[in-house]
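Asks: for reference, the sequence and a predicted model appear below.
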Amino acid sequence: MKREQILALKATFFIVIAIIISCFSLFFGILGDNSIFDFFKDIFYGIFSNKLTTLSAFLSILIISFIIYLIVYYFGKKHFEKIDNYNKNLKDYNHYLAHELKTPISVIFSNLEVLKYGFDEKIVKKSQEELKNMINIIDVLLSFSESLNISERDDINLENFLKSYINSYFSDQKNNIFIENREFNFYIETNEILFKRIVRNLIENALKYSKDKKLFIKIENKKIIFENKIEKDYTEEEIQKLISKGYRSEKIKNGYGLGLSLIKEILRFLGYHCQIYSKENKFFVEIDFGEKLES
């Protein structure tokens, strides 16, 4: 049975009950037993003045029943729309992760075929990198499953969160991470588990591929900006390829590739704008918390 039919049935149930009650009140009113009729008369007394009649009471109940019908139908439809949107996002997200897992599996399979004919250290290292990519994807999937209800969100002080997270998970590299906060006491409302996953990926990528192994994080204008130096600026076309699903090339595969595509997907799921660009030999990932996307 379709959801529209379920909604109609639920709303119809309420209106039928109301009509039955009104019919009983009319029936008893006609017979002269005014106990039930007087009850409804008291309810609608202020609406129809002292000359309230059986017919006016009946019509009043019909009107209120119709209003109840509309209210039940409206909120029921809103509820089902929310569920539909969530299920669609969940389906898209799982499809995305399955697609990303397919690439490293294919590479490892091809490498194993080559290794049958002799040991090659480069191929082994390449396979190890692909396995790390797979672990990364699985970690994201686990993070997502731990936080299945993304509507459950926490108020997080962004600066305190970053400092605490860096001290805990990047203690050996914290001297290469610089935080500049121009928006003091700035709180965001987000899903903490998924947001930790985003921050971890961005920091790992920046430190790994930065020219000087340093990362600068700025908090300003309701945004957080991750900035690191690179050898050469990316063109707009290269940026788009960089964040596309499963794209690999000699120049880009050693850059951000998988991490950024995952980050973009999670941010979209959470409803945040994300802008990725490069200029003056610097790479930027900018997350805007000021305006929410429709998730």
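Replies: Received the coordinates, thanks.

Asks: which SS class is Ile287?
Replies: Three-state call for Ile287 (DSSP: H, G, I helix; E, B strand; the rest coil): strand.

Asks: wait, isn't it in contact with Ile266?
Replies: No - under the criterion of Cβ atoms under 8 Å, Ile287 is not in contact with Ile266, lying 10.7 Å apart. All C-beta spots, glycine's among them, are computed from the backbone N, C-alpha and C.

Asks: mind listing the strands for this protein?
Replies: 154-157, 177-181, 187-190, 215-220, 223-229, 273-279, 282-288 (DSSP state E).

Asks: turn the ones you listed into JSON lines, columns for distance to Glu113 and mean pLDDT.
Replies: Formatted as JSON lines, those follow (distance: least, Cβ to Cβ, whole Å; pLDDT from 0 to 100):
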{"stretch": "strand 154-157", "distance to Glu113": "47", "mean pLDDT": "89"}
{"stretch": "strand 177-181", "distance to Glu113": "41", "mean pLDDT": "94"}
{"stretch": "strand 187-190", "distance to Glu113": "44", "mean pLDDT": "90"}
{"stretch": "strand 215-220", "distance to Glu113": "38", "mean pLDDT": "95"}
{"stretch": "strand 223-229", "distance to Glu113": "37", "mean pLDDT": "95"}
{"stretch": "strand 273-279", "distance to Glu113": "35", "mean pLDDT": "92"}
{"stretch": "strand 282-288", "distance to Glu113": "35", "mean pLDDT": "94"}
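
Asks: need those strands in TSV with distance to Lys78, can you?
Replies: What follows is these, written out as TSV (distance: least, Cβ to Cβ, whole Å):
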stretch	distance to Lys78
strand 154-157	24
strand 177-181	38
strand 187-190	21
strand 215-220	35
strand 223-229	31
strand 273-279	25
strand 282-288	27
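
Asks: can you lay out the ones you listed as CSV showing distance to Tyr209 and mean neighbour count?
Replies: Formatted as CSV, the strands of the chain follow (distance: least, Cβ to Cβ, whole Å; neighbours: other Cβ atoms under 10 Å):
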stretch, distance to Tyr209, mean neighbour count
strand 154-157, 27, 14
strand 177-181, 14, 15
strand 187-190, 26, 16
strand 215-220, 10, 19
strand 223-229, 7, 20
strand 273-279, 12, 15
strand 282-288, 8, 19
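
Asks: Ile63: which of the ones you listed is closest?
Replies: Ile63 lies closest to strand 187-190 among those, at 40.7 Å (Cβ to Cβ).

Asks: so which elements touch the closest one?
Replies: strand 154-157 (3 or more Cβ pairs under 8 Å, 6 or more residues apart in numbering; DSSP states H and E).

Asks: and the strand it packs on, which strands flank it?
Replies: In the sheet, strand 154-157 lines up against strand 187-190 (antiparallel) (DSSP bridges).

Asks: overlap in contacts of Ile287 and Ile266?
Replies: Contact with both Ile287 and Ile266 is made by residues Ile198, according to Cβ atoms under 8 Å, 6 or more residues apart in numbering.

Asks: domains in this protein, by residue range?
Replies: What automatic domain parsing lists as the domains of the chain is 3-83, 151-295.

Asks: OK, contacts around Leu267?
Replies: So Leu267 contacts 198, 273-274, 287 (Cβ under 8 Å, 6+ apart).

Asks: Phe184 and Leu158 touch, don't they?
Replies: No - in this structure, Phe184 is not within contact of Leu158 by Cβ under 8 Å, at 10.1 Å.

Asks: neighbour count: the two, which is higher?
Replies: The residue with more neighbours, out of Phe184 and Leu158, is Leu158; 22 against 8, by other Cβ atoms under 10 Å.

Asks: measure that one to Glu189 for me?
Replies: 11 Å (Cβ to Cβ, to the nearest Å).

Asks: name the nearest residue to Gly290, sequence neighbours excluded.
Replies: Using Cβ to Cβ, 6 or more residues apart in numbering and skipping the chain neighbours, the partner closest in space to Gly290 is Lys222 (3.8 Å).
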